[in-house]
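Asks: Would you be able to build a 3D model of this:
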Amino acid sequence: MNLDAGVADQVTAALRAAGARFALVFGSTARGETHAQSDLDVAAWWPSNPPSAWEVDVPAGVDLVVLHRLPLELAGRIALEGVVLFDDEPPARVHWVADTRKIWLDERWRFEAAQREYLETQARGR
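Replies: Residues are numbered from 1 along each chain as shown. Model prediction:
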């Protein structure tokens, strides 16, 4: 992961101030595939009553998602590829990652089959 320490500190401070207990970086930054136009994708977890993403004052260029409100396909990808930004509650993070990975890996074939079927239908012009 190639993340500027100053930006990481700002995002961490904003999330902690909002009550987040852990956060994961995902997307191109987590994969080390950043470029000049890259944003920073961050997923955060709260113990209860999470705010909406737009209610948290993160720096410009940071796309925040709240782990509690994600569709399984995105949550699963984050659980598989996410890199820890900060972790103030390791048992909660381990539990979320393990449960989400298990559910996603059990169900991913359904998503992929539906996507293949859709693309095949589109290719046939329907």
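Asks: Could I get the CA-only coordinates of the lowest-mean-pLDDT helix or strand in the chain as CSV?
Replies: The least trusted helix or strand in the chain, going by mean pLDDT, DSSP states H and E, turns out to be helix 28-31, with a mean of 85. Taking Å, rounded to 0.1, in the frame of the first residue of the first chain, the C-alpha atoms of helix 28-31 are listed here in CSV:
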residue,chain,number,x,y,z
SER,A,28,-6.4,0.9,-6.0
THR,A,29,-4.5,2.3,-3.0
ALA,A,30,-4.7,-1.0,-1.1
ARG,A,31,-3.4,-2.8,-4.3
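Asks: So which residues of the protein form strands?
Replies: In the chain, the segments counted as strands under DSSP state E are 22-26, 40-45, 62-66, 83-87.
Asks: For the ones you listed, give me a markdown table that also has mean neighbour count and mean pLDDT.
Replies: The way it works is simple: take the backbone N, C-alpha and C, and place the C-beta from them, glycine included. Formatted as a markdown table, the strands of the chain follow (neighbours: other Cβ atoms under 10 Å; pLDDT from 0 to 100):
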| stretch | mean neighbour count | mean pLDDT |
| --- | --- | --- |
| strand 22-26 | 24 | 97 |
| strand 40-45 | 24 | 96 |
| strand 62-66 | 18 | 96 |
| strand 83-87 | 17 | 97 |
